[in-house]
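In: Dropping a prediction and its sequence here:
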Amino acid sequence: MNHTNSARDDRAWLVRSLTTLVMLPLLFMDFVSIGLSPMATDSCGPDHCSQALNNALMAAPILWLTAVVLLIVSWVLPSRTRFSPARTTTAVLSLGAGLLTFAVLANLPNG
């Protein structure tokens, strides 16, 4: 058995912690924006808005939840050397999903 892959990774907390420090304020801003985003339908009414606006309003919460789940997965993965690529990947994907959520909500199409 290869003991280098099963060894404890002393730097496992680094990527997790840095990602969490960036993600918590971002996820909070995204969450507030998701709560306020239905006001984008005020001018067109919920039944007469463009499909692009409706798609963006449906995608944002899904992206936000994806970011949260990926951040949690990065913390749940074991602190072993062999899981280092998976921890880094989930942390980066979490950040990407959080930023994409912000981009979707900041650029909502007209109703």
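Out: Thanks, I have the structure now.
In: Give the rounded mean pLDDT of the helix or strand containing I72.
Out: Secondary structure assigned from DSSP states H and E places I72 in helix 51-76. Mean per-residue pLDDT for helix 51-76: 94.
In: counting contacts, what elements does it pack onto?
Out: Helix 51-76 is packed against helix 12-36, helix 84-106, with contacts defined by 3 or more CB pairs under 8 Å, 6 or more residues apart in numbering; DSSP states H and E. C-beta here means a position set from N, CA and C on the backbone, and glycine is covered the same way.
In: for the first one, packing partners?
Out: The contact analysis (3+ CB pairs under 8 Å, 6+ apart) places helix 12-36 against helix 51-76, helix 84-106.
In: hang on, the earlier thing: tell me which residues of the helix holding I72 come out buried.
Out: The neighbour-count check on helix 51-76 (16 or more other CB atoms under 10 Å) flags 53-54, 56-57, 60, 63-64, 66-68, 70-71, 73-75 as buried.
In: still on that earlier bit, quick one, which of the helices and strands packed on helix 12-36 gets closest to P25.
Out: Each of these was checked against P25 via CB to CB, and the shortest separation belongs to helix 84-106, namely 9.8 Å.
In: Skipping adjacent residues, who's closest to P61 in space?
Out: In this structure, P61 finds its nearest non-sequential neighbour in I34, 5.5 Å apart by CB to CB, 6 or more residues apart in numbering.
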